[in-house]
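Undergrad: Okay, here's the prediction I keep looking at, along with the sequence it came from:
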Amino acid sequence: VTPSEYFRDLMARRLGIPSKRIHVIYNGINLRGYEAPPGAFAGVAPAAPALGFFARLCPEKGLDILVEAYLLLRNRPAGRGLKLKAGGSCGPADRPFVEALRARLRSAGALNDAEFHPNLDRERKIEFLKSLSLFSVPMPGSEAFGLYAIEAMAAGVPVVQPMTGAFPELLRETGGGVLCAPGAQSLADAIGLLLLDPQRLRKLGQAGQAAVFERFSVQAMAQATLSYYRTLV
């Protein structure tokens, strides 16, 4: 059992077994605390847009790529007034990287519009996600699933992800965001287009949130797992 078609095919090649012998069950999250009234949209008002990141604060998750995309956006009409919010786990080994990003933002005159929120507990993480207009974790490698994307969508926040790993699959299944080519320039272009189209931004947020509540809960994951194991028995 794997959490995505992408990872199924990858492991079939690595293990030398037919992909048809590997079953896909999508990961689910605990939705307690993400609840919102029907039709509600958790993103902030277009007048105060916020671009967010929530994963480990490290190069492997692409936070430096997001910072560069943010700096590109600040020089465009779409990025006027845009804030950057980065949260996630940050251990001693990650702190020099975060400080280097702070220095990069400071040199560009953007540090006052950027926030770093390391090591939040679950309640504060959900509050953080609900404060965002857009979300991206533009990791340069390939992800087997990407729980953070589902968490952002659960909060009603559209995602912009590189077309690598399981991200195309997740967005196909949820409709909660858009894909872009890897790299800061493509990311800035995709985010900029969405910021200029608040109606589309709202529709993506609503679609993603509805899909997660319907098919990406821990209950749905548990039921799918139990049902599949029963076929084996």
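TA: That came through fine. Because the structure is predicted, anything quoted here is derived from the model rather than measured. Numbering: from 1, shown residues only.
Undergrad: use CA for all of it now, contacts and neighbours both
TA: Fine.
Undergrad: Contacts for the helix or strand harbouring residue 228, please.
TA: For residue 228, the host element (DSSP states H and E) is helix 218-232. By CA atoms under 8 Å, 6 or more residues apart in numbering, the surrounding residues in contact with helix 218-232 are 25-31, 214-215.
Undergrad: In the chain, what residue spans correspond to helices?
TA: Secondary structure of the chain (DSSP state H): helices located at 5-15, 63-73, 95-107, 122-130, 147-154, 167-174, 184-195, 198-215, 218-232.
Undergrad: For this protein, give me the ranges with low pLDDT.
TA: 36-47 (pLDDT under 70).
Undergrad: Can you give me the distance of the residue lying closest to residue 152 once chain neighbours are set aside to residue 150?
TA: Leaving out its chain neighbours, the residue that sits closest to residue 152 by CA to CA, 6 or more residues apart in numbering is residue 129, at 6.0 Å. Distance, residue 129 to residue 150, using CA to CA, to the nearest Å: 11 Å.
Undergrad: what's the closest non-adjacent residue to the spatially most central residue of the chain?
TA: Centroid-nearest residue in the chain, with CA atoms, centre = their mean: residue 149, separated by 3.1 Å. Nearest residue to residue 149 in three dimensions, chain neighbours excluded: residue 159, at 6.7 Å (CA to CA, 6+ apart).
Undergrad: residues in contact with that neighbour?
TA: Residue 159 touches 134-136, 149, 152-153, 176-178, counting by CA under 8 Å, 6+ apart.
Undergrad: Residue 12: which of these is nearest?
TA: residue 149 (24.8 Å; CA to CA).
Undergrad: Tell me how many other residues surround the closest residue to residue 101 other than its chain neighbours.
TA: Closest residue to residue 101 apart from its sequence neighbours, by CA to CA, 6+ apart: residue 64 at 6.8 Å. Counted with other CA atoms under 10 Å, the neighbours of residue 64 add up to 21.
Undergrad: so how far is residue 78 from residue 64?
TA: 20 Å.
Undergrad: now, the most widely separated pair of the contacts of helix 218-232?
TA: 25 and 31 (17.7 Å).
Undergrad: Start and end of stretch 160-168, how far apart?
TA: 11 Å.
Undergrad: Give me the residues contacting it.
TA: Contacts of stretch 160-168 (CA under 8 Å, 6+ apart): 4-7, 134-139, 141-146, 177-183, 187, 190-191.
Undergrad: residues touching residue 60, list them.
TA: 139-141.
Undergrad: Check residue 23 too.
TA: Counting by CA under 8 Å, 6+ apart, the residues that residue 23 touches are 1-2, 8.
Undergrad: so can I have a markdown table of those showing distance to residue 203 and neighbour count?
TA: Shown next, in a markdown table, are the contacts of residue 23 (distance: CA to CA, whole Å; neighbours: other CA atoms under 10 Å):
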| residue | distance to residue 203 | neighbour count |
| --- | --- | --- |
| 1 | 32 | 14 |
| 2 | 30 | 17 |
| 8 | 31 | 21 |
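Undergrad: could you dump those to JSON lines with distance to residue 124?
TA: Formatted as JSON lines, those follow (distance: CA to CA, whole Å):
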{"residue": "1", "distance to residue 124": "32"}
{"residue": "2", "distance to residue 124": "30"}
{"residue": "8", "distance to residue 124": "34"}
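Undergrad: Going by distance to residue 111, which of those residues wins?
TA: For these, the nearest to residue 111 is residue 2 (40.3 Å; CA to CA).
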